[in-house]
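K.L.:
based on what follows, work out the 3D shape:
(chains A and B)
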Amino acid sequence: AQSVTQLDSQVPVFEEAPVELRCNYSSSVSVYLFWYVQYPNQGLQLLLKYLSGSTLVKGINGFEAEFNKSQTSFHLRKPSVHISDTAEYFCAVTTLLSASKIIFGSGTRLSIRP
Amino acid sequence: NAGVTQTPKFQVLKTGQSMTLQCAQDMNHNSMYWYRQDPGMGLRLIYYSASEGTTDKGEVPNGYNVSRLNKREFSLRLESAAPSQTSVYFCASSEYGGQPDTDTQYFGPGTRLTVL
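P.N.:
Numbers count the residues shown, from 1 in each chain, chains lettered A, B, ... in the order given. Now for the predicted structure:
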């Protein structure tokens, strides 16, 4: 079975500062990894996904994530955040055999201070 | 093109009451999903429908039933609501399901349910 751990429930940062949201996963087989964003009172939107190939994945709104197989991590980064990035971010994992069942992490709430 | 729509947006029930949450998508997607979101627990899959006419249990199916009415609509029913079912419910759809390399789930805005 797969699992996802998001190490920080809340991350406060100042506007224009860099941010990293941490995610670790556990799986005995090859995985597909995702980051979703949930803006206040909205559903989730896909930010980016790792399928295979290059370990650095670029997504929307200037976010990127790096897949590190040896550390079983998939951390999300942005070099300079904006007020509009205030949201909750979810890391998620699935495998080819259970691709309809995405396992979500508990979420990290990113709050941006002006 | 509205994407995934859910009704109602808010609902308050008393313990033991029943209700149906409605979900519809206009993207001609084959697969549809129901999740619940609880504080500190992320989203958990309740049921999914890989294609019209099929449904399967997810991680937390107890206390729920689903109906894939047609390709567009996928409803979630609580037969006898319990306080433990207080949650935010999200419906999602994807084109194929089971193909993460080409598939993306699109989420509705959610239904906030309180069971007293």
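K.L.:
and residue B:112, what does it touch?
P.N.:
B:9-11, B:88 (C-beta atoms under 8 Å, 6 or more residues apart in numbering or on different chains). Bear in mind the C-beta positions are built from the backbone N, C-alpha and C, glycine included.
K.L.:
could you dump the residues you listed to JSON lines with pLDDT, secondary structure and neighbour count?
P.N.:
Output for the contacts of residue B:112, formatted as JSON lines (pLDDT from 0 to 100; DSSP: H, G, I helix; E, B strand; the rest coil; neighbours: other C-beta atoms under 10 Å in any protein chain shown):
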{"residue": "B:9", "pLDDT": "94", "secondary structure": "coil", "neighbour count": "10"}
{"residue": "B:10", "pLDDT": "95", "secondary structure": "strand", "neighbour count": "9"}
{"residue": "B:11", "pLDDT": "96", "secondary structure": "strand", "neighbour count": "17"}
{"residue": "B:88", "pLDDT": "94", "secondary structure": "strand", "neighbour count": "17"}
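K.L.:
residue A:49: neighbouring residues, count only.
P.N.:
A count of neighbours around residue A:49, defined by other C-beta atoms under 10 Å in any protein chain shown, yields 20.
K.L.:
correct me if wrong: it contacts residue A:58.
P.N.:
No: judged on C-beta atoms under 8 Å, residue A:49 makes no contact with residue A:58 at a distance of 10.8 Å.
K.L.:
residue in chain A nearest to chain B?
P.N.:
Nearest to chain B, among the residues of chain A, is residue A:43, at 3.2 Å (C-beta to the nearest C-beta).
K.L.:
thought that residue was touching residue B:90?
P.N.:
Yes: between residue A:43 and residue B:90 there is a contact at 5.7 Å, judged by C-beta under 8 Å.
K.L.:
mutual contacts of these two, please.
P.N.:
With C-beta under 8 Å, 6+ apart, residue A:43 and residue B:90 have common neighbours B:107-108, B:110.
K.L.:
quick check, nearest of these to chain A?
P.N.:
residue B:107 (3.2 Å).
K.L.:
isn't that closest one up against residue A:46?
P.N.:
No: using C-beta under 8 Å, residue B:107 is not in contact with residue A:46, being 9.1 Å away.
K.L.:
tell me which of the two has more neighbours.
P.N.:
residue B:107 (22 against 16).
K.L.:
now that one: closest residue in space, sequence neighbours ignored.
P.N.:
residue A:43 (3.2 Å; C-beta to C-beta, 6 or more residues apart in numbering or on different chains).
K.L.:
what about that neighbour, neighbour count?
P.N.:
By other C-beta under 10 Å, the burial measure for residue A:43, its neighbour count, is 22.
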